[in-house]
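Peer 1: Give me coordinates for this.
(one chain, ligands or ions: 1)
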Amino acid sequence: MSGANVAVFGATGAVGVEMLKILEERNFPVENLRLLASRGERTVRWRGGDYAVEAIGPAGFEGVDVALFAVEGDVSREWAPVAVKSGAVVIDNSSAFRMAPEVPLVVPEVNPEDIATHRGIIANPNCSTIIAVVALDPLHRAAGIRRLIASTYQAVSGAGRQGVEELEKQTRAYAEGNINPEVSAFQYQIAFNLIPHIDAFAEGDYTKEELKMRNESRKILHCPDLRVSATCVRVPVMRSHSEALTIETERPLSPDEARALLSDAKGVKLVDAPAEKAYPMPLFASDQDLIHVGRVRRDESAEDPSRALTLWVCGDQIRKGAATNAVQIAEIVWREKAKTRGLIEDPSTP
Ligand SMILES: NC(=O)c1ccc[n+]([C@@H]2O[C@H](COP(=O)([O-])OP(=O)(O)OC[C@H]3O[C@@H](n4cnc5c(N)ncnc54)[C@H](OP(=O)(O)O)[C@@H]3O)[C@@H](O)[C@H]2O)c1
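Peer 2: Down below sits the predicted model:
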């Protein structure tokens with residue numbers, strides 16, 4: 001055996017389907033693949049073959065090396081310990097373990113070194129947080145970010161399969177003259193509307209989604225004192241989240257310096273030529289892994305505008321905001337496992 005035994009749990013959902021696509025695209029060395037969901041009786045095509053979906057059960061992770069979890073938090077909480085006990089490393093997309101001190105929360109472009117501290121579970125951050133920190137990390141390394149104000153414009157596919165179906169259904173209903181469409185995935189009609197309410201309301205009247213952006217950014221950037229205020233908004237866009245980010249830095253940072261840093265940054269595509277109408281948009285950031293960054297300018301309203309910038313970013317939240325980030329982590333985890341098993345050479349051993 002030279003490849004990994006991989007399980008995708010939640011293989012029939014928005015993120016699970018994308019994970020399968022990305023495992024194939026990145027040519028992840030899969031020896032055996034298990035697809036798990038709430039029930040079986042379905043098949044999924046992968047690398048030209050039909051794979052049966054299995055109903056999750058206690059034997060679901062036997063022999064699995066890497067388990068990619070794309071299920072809700074309560075389901076992860078129930079099954080991640082079972083997978084770890086079976087010997088798998090779990091890479092979890094839900095919010096269940098993200099803030100647990102013993103669980104690394106990883107964006108490979110930013111803090112890959114944290115993976116080495118795992119004890120069986122590695123958490124994939126919230127999608128809006130991943131998109132923000134990929135863009136912010138190069139600026140943070142250069143000038144030290146001490147404050148972040150974020151406003152997000154989050155696509156309906158961030159709420160999974162159901163979110164996409166709801167926008168499609170409501171748009172069709174609206175075109176047919178029905179102005180009172182059915183509402184189920186979101187709190188209100190999402191077609192031709194915006195909803196400033198993602199996840200439940202929590203401390204200080206922030207939503208949990210907004211607090212995730214604050215807490216997770218601090219953990220990933222290793223910056224516990226980072227001051228963050230976020231407003232997260234659901235918008236009637238199918239795919240890719242957009243974010244307006246205003247930062248204050250310890251040291252001066254000009255828009256030109258920021259653009260130079262961003263144009264060299266891993267995982268970033270600088271799209272910033274306003275005179276040529278070049279700026280990030282969700283339509284053009286979709287179906288790819290690069291986070292598009294543009295509209296870089298001074299925040300002229302800050303007390304010291306030489307240390308304050310505003311930018312606009314867009315990223316595909318199902319790919320880099322979830323599936324690709326998880327597969328990138330899996331690649332690092334598998335490389336380490338394969339070295340330990342002597343399947344690949346470890347350049348550090350003589
Ligand atoms: N969508 C995004 O952009 C995004 C981004 C970042 C993180 N996430 C996170 O990723 C996870 C998955 O999200 P999603 O958008 O892919 O959701 P989704 O489209 O609703 O898919 C959910 C998946 O979980 C399975 N499932 C549901 N209940 C289950 C149960 N009780 N036992 C076993 N399997 C069950 C479903 O299987 P069945 O087909 O059998 O129902 C399906 O495969 C969530 O934690 C979400 O917060 C999502």
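Peer 1: In space, what's closest to residue 103 - neighbours in sequence excluded?
Peer 2: residue 97 (4.4 Å; CB to CB, 6 or more residues apart in numbering). For glycine as for every other residue, the C-beta is placed from the backbone atoms N, C-alpha and C.
Peer 1: Where does the one you found sit: helix, strand or coil?
Peer 2: The local conformation at residue 97, judged by DSSP: H, G, I helix; E, B strand; the rest coil, is coil.
Peer 1: Now do the contacts for it.
Peer 2: Taking CB atoms under 8 Å, 6 or more residues apart in numbering as the contact definition, residue 97 lies against 76, 80, 103, 121, 123.
Peer 1: separation between it and the ligand?
Peer 2: Between residue 97 and the ligand the computed distance is 11 Å (CB to the nearest ligand atom, to the nearest Å).
Peer 1: Phi first, then psi, for that residue.
Peer 2: phi -120, psi 0 (degrees, to the nearest 10).
Peer 1: my guess is residue 132 is in a helix, correct?
Peer 2: Yes: Residue 132 forms part of a helix when assessed by three-state DSSP.
Peer 1: so it makes contact with residue 213?
Peer 2: Yes: between residue 132 and residue 213 there is a contact at 6.8 Å, judged by CB atoms under 8 Å.
Peer 1: shared neighbours, these two?
Peer 2: residue 150.
Peer 1: Strands - which of the contacts of residue 97 land there?
Peer 2: 121, 123 (DSSP state E).
Peer 1: hmm, which two among the contacts of residue 97 are most spread apart?
Peer 2: 76 and 103 (11.2 Å; CB to CB).
Peer 1: Spit out the contact partners of the residue of the chain found nearest the ligand.
Peer 2: Nearest residue of the chain to the ligand (CB to the nearest ligand atom) works out as residue 13 at 2.0 Å. Residues near residue 13 by CB under 8 Å, 6+ apart: 37, 70-71, 160-161.
Peer 1: What lies in contact with the helix or strand hosting residue 310?
Peer 2: Taking DSSP states H and E as the criterion, residue 310 maps to strand 308-315. The contact list for strand 308-315 (CB under 8 Å, 6+ apart) reads 130-132, 134-135, 139, 240-249, 253, 255, 258, 279-282, 284-285, 290-299, 301-302, 321.
Peer 1: for stretch 274-286, same thing?
Peer 2: With CB under 8 Å, 6+ apart, stretch 274-286 has contacts from 153, 155, 237-242, 271-273, 291-295, 312-316.
Peer 1: Narrow those to those that are buried.
Peer 2: Applying 16 or more other CB atoms under 10 Å to these, the neighbour count classes 153, 155, 237, 239-242, 271-272, 291-295, 312-316 as buried.
Peer 1: got any ranges where the stretch 1-150 of the chain has weak pLDDT?
Peer 2: Across the stretch 1-150 of the chain, residues meeting the criterion (pLDDT under 70) sit at 1.
Peer 1: ok so, going back, okay, the residue of the chain closest to the ligand and residue 35: tell me how far apart.
Peer 2: Computed as CB to CB, to the nearest Å, the residue 13 to residue 35 distance reads 11 Å.
Peer 1: can you check residue 315 too?
Peer 2: Taking CB to CB, one finds residue 315 at 26 Å from residue 35.
Peer 1: And the strands in the protein, which stretches?
Peer 2: 4-9, 30-37, 42-46, 49-55, 66-69, 89-92, 121-123, 145-154, 227-234, 241-249, 268-270, 291-298, 308-315.
Peer 1: Return the most buried member of the ones you listed.
Peer 2: A comparison of the strands of the chain by mean neighbour count, using mean count of other CB atoms under 10 Å, puts strand 66-69 on top with a mean of 29.
Peer 1: where does the stretch 101-250 of the chain come near the ligand, residue by residue?
Peer 2: 127, 157-158, 160-162 (CB under 6 Å from any ligand atom).
Peer 1: what about 5 Å?
Peer 2: The stretch 101-250 of the chain comes close to the ligand at residues 127, 158, 160-161, as judged by CB under 5 Å from any ligand atom.
Peer 1: is it possible to export these to TSV including neighbour count?
Peer 2: As requested, those are exported to TSV (neighbours: other CB atoms under 10 Å):
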residue	neighbour count
127	28
158	27
160	18
161	15
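Peer 1: Contacts only, for residue 217.
Peer 2: 129, 132-133, 136, 148, 223, 226, 228.
Peer 1: Then residue 96?
Peer 2: 73-74, 76-77, 80, 123.
Peer 1: One more pass at 6 Å, please.
Peer 2: With contact set as CB atoms under 6 Å, 6 or more residues apart in numbering, residue 96 has these partners: 73, 76-77.
Peer 1: cool, and residue 164?
Peer 2: With contacts defined as CB under 6 Å, 6+ apart, residue 164 is in contact with 156-157.
Peer 1: how near is it to residue 22?
Peer 2: 18 Å.
Peer 1: In stretch 278-291, which residues are buried?
Peer 2: Buried positions in stretch 278-291, judged by neighbour count with 16+ other CB under 10 Å: 279-282, 285-286, 289-291.
Peer 1: In helices only, show me those residues.
Peer 2: 282, 285 (DSSP state H).
Peer 1: pLDDT and distance to residue 186 added to the buried residues of stretch 278-291, as CSV?
Peer 2: Shown next, in CSV, are the buried residues of stretch 278-291 (pLDDT from 0 to 100; distance: CB to CB, whole Å):
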residue, pLDDT, distance to residue 186
279, 98, 27
280, 98, 24
281, 98, 22
282, 98, 18
285, 98, 22
286, 98, 20
289, 98, 27
290, 98, 28
291, 98, 25
